[in-house]
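> Here is my input, please return the structure:
(one chain, ligands or ions: 1)
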Amino acid sequence: MTPIFQKVAIIGAGAMGRGIAQIAAQAGSQVWLYDTQPEAVAKARDAVSKQWDKLQEKGRLTAEAVAGHKSRLQEAAHMEDLAGCDLVVEAIVEKLDIKKSLFSALEKVLDPSAVLVTNTSSLSVTAIAAGLQRPEQFAGYHFFNPVPLMKVVEVIAGLKTNSAICQRLSDFARQMGHTPVQALDTPGFIVNHAGRGYSTEALRIVSEGIADFATIDRILRDQVGFKLGPFELFDLTALDVSHPVIEAIYHQYYEEPRYRPNVITAQRLAAGVVGKKVGEGFYKYVDGVAQVPAEPPTPVIEKIPPVWVSPRAARRMELLQLLKDLGANIETGASPSPEALTLVAPLGFDVTTVAVVERLDPARTVGIDMLFQDSATRRRVLATNPATRSDMRDAAHALFARDGKAVSVIRDSGGFVTQRVVATIVNIASDICQQRICSPQDLDTAVTLGLAYPMGPLAMGDRLGPDSILEVLFNMQTVYGDMRYRPSPWLRRRGAIGLSLMHTEA
Ligand code: NAI
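Numbering: from 1, shown residues only. Have a look, this model is predicted:
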């Protein structure tokens, strides 16, 4: 296989540069590493060689392949050594002026047909290209850390980028074993933009006192299938990295409420409580292991009262079947008896509002999140309202834990934890499609590979039903009166035909 770019220069031999150098050499390209710190180049070359040795030990690469890869990875002492390259990938410090002057200098050295790309994750590709002689030969090529394992790359077209360049970069990404996704030059591109929903909504839930961060992590792992809860993720990424990204995207979108940062992370960052690397973030770490607070125990109840289910409950038939399976004494009257535990299952509305609107006794009313099918989750989530009696809360907790499934009880909120976070993720993803930043397929691919979500946001929206997601958002907008929950037009219009379909409109 002849690589599409045969001579590749990598500028900046840090964490990203060395990863890109590794996969480019593996694709058969001749690779030159260049850095203003010459020792960085030698260190990077050494690190990549060790990676290949390890792969050989594990039997994933032959000795012959490793020798070939090593021979193709070279050090460049001067920028002039890069003159014959047909692709230059920049992975230096994230500063606009420094990147701009680097590319201006490179243009003078390279052949006019050479393609120049930046690995920036937060700067505008168009802004970096401004002032270049050949902005049409320039694009974004955004890899993720660690590059050899994160097998997705965003190919970003700036305002003046020639689309044929993006196609060549996509084809070359495939030769390097990566999946390319194409995006317009917009803040956060696809992955860092789509990722806004998860952590920011989780922060809002904590700041409203609905549940603590450990409970939120448990709920999102067990109900949706996220590998890491949002606060575990914050601890791993560290707030000195993630909080500035949250702020940058918010300001770049001119204070769009959907991306609003939260004082919680600002304060923790100021205090230096940034994550696992310093031994304390949302969790404390002892010998690198998170100290997770114990779950509240299941209450022991002698006699569980009869249960009455609101006729307007989401997935009502499923909920009734579940109660039957749990051995509940189910009331079938038009209204609950005076001793009945009263169950509601709202989408987007809070339990308090439902109790008032349906004229139920709030002291006996408990909510359950039925957005997902019960059988699809490993945890049930109940919510009280401010008037719920503790005996009714405990009875509901004990009843839903009868089959051994985990149960969390949270305070009342418009939308439960999962509803809020999932609806926000689907809504932001829909809006990325609405803005034509990328295709629906590329969105789901980028998020699944770049953020390791259990499925793409649009596929998730389709699986749960766009109507349910819309109901959550409309009702939350009513409860909170906040523009951040307004549904994207894409979600509103696509509900009937599916979110993840390729659009056919011209
Ligand atoms: P790093 O700090 O590990 O490496 C940067 C390297 O560039 C250093 O070796 C430095 O000596 C060199 N350098 C700085 N200025 C230079 C110049 N003018 N000319 C030549 N070499 C120069 O940084 P890292 O993490 O590899 O990031 C590099 C770029 O990749 C940044 O733009 C960053 O935003 C982007 N990026 C980083 C990701 C990450 O997770 N670390 C993910 C995706 C993109």
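> Count the neighbours of whichever residue of the stretch 351-500 of the chain sits closest to the ligand for me.
The nearest approach of the stretch 351-500 of the chain to the ligand comes at residue 450, 10.1 Å away (C-beta to the nearest ligand atom). C-beta coordinates here come from the backbone N, C-alpha and C atoms, glycine included. For residue 450, the tally of surrounding residues (other C-beta atoms under 10 Å) stands at 24.
> For the residue lying closest to it once chain neighbours are set aside, list the residues it contacts.
Counting by C-beta to C-beta, 6 or more residues apart in numbering, residue 450 lies nearest to residue 191, which is 3.8 Å off, once chain neighbours are set aside. Each residue near residue 191 by C-beta atoms under 8 Å, 6 or more residues apart in numbering is listed here: 142, 144, 152, 154, 446-447, 450-451.
> Over to the residue in the stretch 151-300 of the chain that the ligand sits nearest to. Which of the three states is it?
Shortest the stretch 151-300 of the chain-to-the ligand distance, computed as C-beta to the nearest ligand atom: residue-wise this is residue 241, at 7.8 Å. What DSSP: H, G, I helix; E, B strand; the rest coil gives for residue 241 is helix.
> which residues touch it?
Residue 241 touches nothing, counting by C-beta under 8 Å, 6+ apart.
> Near the ligand, which residues of the stretch 101-250 of the chain are found?
Proximity of the stretch 101-250 of the chain to the ligand (C-beta under 6 Å from any ligand atom) is limited to residues 102, 119-121, 143-145.
> Now for those residues: which two are most distant?
Greatest spatial distance among those (C-beta to C-beta): 102 and 144, at 21.9 Å.
> re the thing from before, narrow the residues of the stretch 101-250 of the chain next to the ligand to those that are buried.
Among those, those buried by neighbour count (16 or more other C-beta atoms under 10 Å) are 102, 119-121, 143-144.
> Most proximal residue of the chain with respect to the ligand?
Closest point on the chain to the ligand, by C-beta to the nearest ligand atom, is residue 14, at 1.8 Å.
> Can you report how many residues neighbour that residue?
16.
> and the gap between it and residue 37?
Taking C-beta to C-beta, to the nearest Å as the measure, residue 14 falls 9 Å from residue 37.
> Would you reformat the buried ones among the residues of the stretch 101-250 of the chain next to the ligand as JSON lines and include pLDDT and secondary structure?
Listed next are these as JSON lines, based on pLDDT from 0 to 100; DSSP: H, G, I helix; E, B strand; the rest coil:
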{"residue": "102", "pLDDT": "98", "secondary structure": "helix"}
{"residue": "119", "pLDDT": "98", "secondary structure": "coil"}
{"residue": "120", "pLDDT": "96", "secondary structure": "coil"}
{"residue": "121", "pLDDT": "93", "secondary structure": "coil"}
{"residue": "143", "pLDDT": "98", "secondary structure": "coil"}
{"residue": "144", "pLDDT": "97", "secondary structure": "coil"}
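> before we move on, the earlier item: how about the contacts made by the residue of the stretch 351-500 of the chain closest to the ligand?
144, 150, 152, 154, 190-191, 195.
> cool, residue 324 as well?
For residue 324, the residues meeting the contact criterion (C-beta under 8 Å, 6+ apart) are residue 330.
> Tell me which residues of the helix or strand it falls within come out buried.
Residue 324 is located in helix 316-325, with elements delineated by DSSP states H and E. Of the residues in helix 316-325, 319-320, 322-323 count as buried by neighbour count, 16+ other C-beta under 10 Å.
> Give me the mean pLDDT for it.
The average pLDDT for helix 316-325 rounds to 98.
> Alpha carbons of it, as PDB, please.
Extracted C-alpha coordinates of helix 316-325, given in PDB (Å, rounded to 0.1, in the frame of the first residue of the first chain):
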ATOM      1  CA  ARG A 316     -47.100   2.500  32.700                       C
ATOM      2  CA  MET A 317     -47.700  -1.100  31.500                       C
ATOM      3  CA  GLU A 318     -44.100  -1.900  32.100                       C
ATOM      4  CA  LEU A 319     -44.100  -0.300  35.500                       C
ATOM      5  CA  LEU A 320     -47.200  -2.300  36.500                       C
ATOM      6  CA  GLN A 321     -45.600  -5.500  35.300                       C
ATOM      7  CA  LEU A 322     -42.500  -4.700  37.300                       C
ATOM      8  CA  LEU A 323     -44.500  -4.000  40.400                       C
ATOM      9  CA  LYS A 324     -46.300  -7.400  39.900                       C
ATOM     10  CA  ASP A 325     -43.000  -9.100  39.500                       C
END
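> tally of neighbours for residue 251?
By the criterion of other C-beta under 10 Å, residue 251 has 13 neighbours.
> quick one: secondary structure of it?
Applying three-state DSSP: residue 251 is helix.
> which residues does it contact?
Contacts of residue 251 (C-beta under 8 Å, 6+ apart): none.
> at 10 Å what do you get?
187, 259, 261 (C-beta atoms under 10 Å, 6 or more residues apart in numbering).
> And the residues you listed, which is closest to residue 421?
Checking the contacts of residue 251 one by one against residue 421 (C-beta to C-beta), the nearest turns out to be residue 259, at 14.6 Å.
> what's the closest non-adjacent residue to that closest one?
Per C-beta to C-beta, 6+ apart, closest to residue 259 is residue 250, 4.4 Å.
> Quick one: residues contacting that neighbour.
Counted by C-beta under 10 Å, 6+ apart, residue 250 has contacts 187, 196, 200, 256-261.
> Just the buried residues out of the residues you listed, in PyMOL syntax.
In PyMOL syntax, the buried subset of the contacts of residue 250 is picked out as below (16+ other C-beta under 10 Å):
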select buried, resi 187+196+200+256+258+259+260+261
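> Looks to me like residue 100 is in a helix.
Yes: Residue 100 forms part of a helix when assessed by three-state DSSP.
> Report the central residue of the chain.
residue 195 (3.4 Å; C-alpha atoms, centre = their mean).
> got CSV for the contacts of residue 250, with distance to residue 207 and pLDDT too?
Shown next, in CSV, are these (distance: C-beta to C-beta, whole Å; pLDDT from 0 to 100):
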residue, distance to residue 207, pLDDT
187, 24, 97
196, 16, 94
200, 11, 95
256, 19, 96
257, 15, 96
258, 16, 96
259, 15, 96
260, 11, 96
261, 11, 97
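> will you turn the contacts of residue 250 into a markdown table that also has secondary structure?
Shown next, in a markdown table, are the contacts of residue 250 (three-state DSSP):
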| residue | secondary structure |
| --- | --- |
| 187 | coil |
| 196 | helix |
| 200 | helix |
| 256 | coil |
| 257 | helix |
| 258 | helix |
| 259 | helix |
| 260 | coil |
| 261 | coil |
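> in this structure, which ranges drop under the pLDDT threshold?
501-506 (pLDDT under 70).
> helix or strand for the closest residue to residue 500 other than its chain neighbours, which one?
Nearest-residue entry for residue 500: residue 458, 3.9 Å, with adjacent residues in sequence omitted and distances by C-beta to C-beta, 6+ apart. In the assignment (DSSP H and E), residue 458 maps to helix 457-464.
> residues of that helix that come out buried?
Within helix 457-464, the residues scored as buried using 16+ other C-beta under 10 Å are 457-462, 464.
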